[in-house]
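Student: predicted model follows, preceded by the sequence.
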Amino acid sequence: MTADPALVIGAGPAGLMAADHLLRAGVPVLLAEAKPSPGRKFLMAGKSGLNLTKDQPLDDFVSHYAESAGFLAPILADFGPVQVQDWARGLGQPVFTGSSGRVFPSAMKASPLLRAWLNELGARGLDLRLRWRWTGLRDGAFCFDTPEGERLLRPSVAVLALGGASWRRLGSDGEWAAILRAQGVPLAPFQPANMGFAVDWSAHMTPHFGAPLKSITLIAGSQRHRGEAVISARGIEGGGIYAVSRAVREGAALQIDLFPDLTVQTLASRLAARPSAESTVNRLRKLGLSGARLALALECARPFGPDLAATLKALPLPITGPRPMDEAISTAGGIRLDALTDDLMLRDLPGVFAAGEMLDWEAPTGGYLLTACLATGRRAGQAAARYSMNEPGHDKTPSRTETPK
């Protein structure tokens, strides 16, 4: 049978994947994107190397989604790290696995992958509308501000993939939350995720803004992560910080182990073995601290106490709070998972599905974010296609009309 057109809102990875699987099922798709071009956050994420996924056993991979693991496990079992790699190869983009297990396209950038994907979707008939901003629902119709004025759509089925509430300039502004809240959809409040933290540095730190902190371990409560960070005029950020950011956001103190390869006892012995006339700063230099690591020790440990070794192994950072949400890599919060069926349909809006970062799950960087966006987009697109074509168990919604206001 011929399916009525479907609506997908948001042309990021989740929305594109939903559109992809609707088209595969023979359902025509109108994809509405508020920005002048698709995949803006996707492209930005790929500027320093597009981390597609993580090459690790599925159980280990799924565990990184914390309390959302149970909900996402069956979705990731269908489309997890292995399938993401196969998908990229299928678009003519070979991949490789780095020493940390992170998987990247050989081209490193996101643009060749996105271009190949859009070309394929276009060849299958995707109707991509740019500068179409979703403004709400009116008597069951989806309302859009467009370059040609207001448009109302009554699609056979809809998939929402509007992202979270960070990186407003790239399209993830979270404004959709007010629309869904007005429809009674349960939402969890947005919170920054994978973000840096503000620190009021003294003038002593100014020469080190932009400097990397290497050979450190980040500590937040019981969590320890060997990684790197960057000192900035605004505070401290970087992959190592992001890895522990949730624990810090939830109240854990942020500490840095400046000597992760030494025990407290070994470090104390080495400090004690230095000449008694030697200044503490020179002792630290002789033990290998220099540059930004030394500056950080002087900033946060002075005046030096009697248990210097313990302090250097858990150097407290005087953070004043997380950086603003719009600077975060991603956000927690959004559509509560209990507001969705297993097929990602909104219980309060039959025929409307949701996917990607607008769902209330949280994951670290390292390929987990992107993989879950792709996987939930795939699940929503496949379920929306079944709904559109009136498979058993679904009631078909009215067919689409498009009406200028």
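Tutor: Nice, I can see it.
Student: shaky segments in the protein?
Tutor: Where the chain drops to pLDDT under 70, the residues are 1-4, 391-405.
Student: would you map out the domains in the protein?
Tutor: 6-192+326-404, 197-322 (automatic domain parsing).
Student: which residues in this protein form helices?
Tutor: Using DSSP state H, the helices found in the chain span residues 13-24, 40-45, 58-63, 69-78, 81-90, 111-123, 176-182, 239-249, 264-273, 280-286, 291-301, 308-313, 368-388.
Student: the domains of the chain into TSV, with extra columns for mean neighbour count?
Tutor: In short, each C-beta sits where N, CA and C put it, glycine included. Below are those laid out as TSV (neighbours: other CB atoms under 10 Å):
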stretch	mean neighbour count
domain 6-192+326-404	20
domain 197-322	16
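Student: hang on, the earlier thing: can I get the helices of the chain in JSON lines including distance to G356?
Tutor: Output for the helices of the chain, formatted as JSON lines (distance: least, CB to CB, whole Å):
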{"stretch": "helix 13-24", "distance to G356": "3"}
{"stretch": "helix 40-45", "distance to G356": "10"}
{"stretch": "helix 58-63", "distance to G356": "17"}
{"stretch": "helix 69-78", "distance to G356": "12"}
{"stretch": "helix 81-90", "distance to G356": "14"}
{"stretch": "helix 111-123", "distance to G356": "15"}
{"stretch": "helix 176-182", "distance to G356": "11"}
{"stretch": "helix 239-249", "distance to G356": "19"}
{"stretch": "helix 264-273", "distance to G356": "44"}
{"stretch": "helix 280-286", "distance to G356": "46"}
{"stretch": "helix 291-301", "distance to G356": "36"}
{"stretch": "helix 308-313", "distance to G356": "40"}
{"stretch": "helix 368-388", "distance to G356": "4"}
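Student: between those helices, which one is nearest to P155?
Tutor: Taking CB to CB, helix 368-388 is the member of the helices of the chain nearest to P155, at 8.6 Å.
Student: my guess is R293 contacts I216, does it?
Tutor: Yes - counting by CB atoms under 8 Å, R293 touches I216, with 7.1 Å between them.
Student: shared neighbours, the two?
Tutor: L258 (CB atoms under 8 Å, 6 or more residues apart in numbering).
Student: quick one: the nearest residue to V159 once chain neighbours are set aside from V244, how far?
Tutor: Spatial nearest neighbour of V159, chain neighbours left out: A18 (4.2 Å); criterion: CB to CB, 6 or more residues apart in numbering. Relative to V244, A18 is positioned 32 Å away (CB to CB, to the nearest Å).
Student: again, but for R336
Tutor: If you go by CB to CB, the gap between R336 and V244 works out to 25 Å.
Student: what's the answer for G291, then?
Tutor: Counting by CB to CB - G291 and V244 are separated by 22 Å.
Student: closest to D257 out of the helices of the chain?
Tutor: helix 308-313 (5.2 Å).
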